[in-house]
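1. build the 3D model from these lines:
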Amino acid sequence: MVVQAFNKLGASLERIGGANDQGIDFRGPWTLPNQPQFYVVGQCKYYERKKLGPSIIREWEGVMSRQEPDTLGVIAASSGFTTKGVRTALSSEYPMALVTLNSEVPIVGEGAATEGVGLDVRGFVWNRAASEFLSQLVVAKKHYDTRIVHVEDPAHFSIQLLWNGEPLPPASC
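-> As a prediction, this is how the structure comes out:
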């Protein structure tokens, strides 16, 4: 589901995983509008309630230390990240993005490929080292039902990624 979500944003990722995956669950190129293509490697973490802390980020830095310099590392988590986990990622010398996903959310309305349960992006944050790749990326809330907009209740929105003010994926996709 994570690979599918990124591929809808213009990436060409493929799931790898397995016994000898060296900690990498997906990889491939991502081309954003008017930007040079860069490479993405990522890891998926599914926990029902446990937020990911700094130890997972430090382990991921070990994976990133073996990657080429033009590689963005992504950790996708179902339960989010602790404050210390986010701080560790933000201070890392390796280009890194943290993505919080919820696969239990019903996806309906405009822009939904199909109605039913889908992948909902709940958070997307990156560090200074990743700004080389994501400098023009903006994260905004996208409300599914504009008749119900409760800032305190996150059930009615997801995250919309914008590039130069335009929603990803680009219109050319």
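
2. centroid residue for this protein?
-> Centroid-nearest residue in the chain: V99, 3.6 Å away (criterion: CA atoms, centre = their mean).

3. quick one: which helix or strand includes that one?
-> Per DSSP states H and E, V99 falls inside strand 96-107.

4. what of E132?
-> helix 131-134.

5. next structured bit after that helix?
-> Per DSSP H and E, the helix or strand that comes after helix 131-134 is strand 137-143.

6. tell me what that next one is packed against?
-> Applying 3 or more CB pairs under 8 Å, 6 or more residues apart in numbering; DSSP states H and E, one finds that strand 137-143 makes contact with strand 116-126, strand 157-163. (C-beta placed from N, C-alpha, C; glycine too.)

7. the ones you listed: lowest mean pLDDT?
-> In terms of mean pLDDT, the lowest-scoring of the helices and strands packed on strand 137-143 is strand 116-126 (a mean of 71).

8. the lengthiest helix in the chain - what's its average pLDDT?
-> Secondary structure of the chain per DSSP state H: the longest helix is helix 54-64. Mean pLDDT, computed over helix 54-64, is 96.

9. same deal with stretch 86-98?
-> The average pLDDT within stretch 86-98 is 97.

10. quote the end-to-end distance of that stretch.
-> Length of stretch 86-98, first residue to last, CA to CA, to the nearest Å: 8 Å.

11. buried ones in that stretch, by neighbour count?
-> Along stretch 86-98, these residues count as buried under the neighbour rule (16 or more other CB atoms under 10 Å): V86, T88, A89, L90, S92, Y94, P95, M96, A97, L98.

12. from G18, how far out is the fourth one?
-> Between L90 and G18 the distance, using CB to CB, to the nearest Å, works out to 30 Å.

13. hang on, the earlier thing: quick one: contacts of the longest helix of the chain?
-> Applying CB atoms under 8 Å, 6 or more residues apart in numbering, the contact partners of helix 54-64 are 22-24, 41, 43, 45, 71, 73, 75, 82, 84-85, 87-89, 92, 94-96.

14. C-terminal to that helix, what's the next element?
-> Where DSSP H and E defines the elements, the next helix or strand beyond helix 54-64 is strand 71-77.

15. and that following strand with helix 54-64, angle?
-> On the basis of axes from the mean of the first three to the mean of the last three CA atoms, to 10 degrees, strand 71-77 is oriented at 150 degrees to helix 54-64.

16. who does the next helix or strand after strand 71-77 touch, helix- and strand-wise?
-> As assigned by DSSP H and E, the chain's next helix or strand after strand 71-77 is helix 83-90. Applying 3+ CB pairs under 8 Å, 6+ apart, we find helix 83-90 packed against helix 54-64, strand 96-107, strand 116-126.
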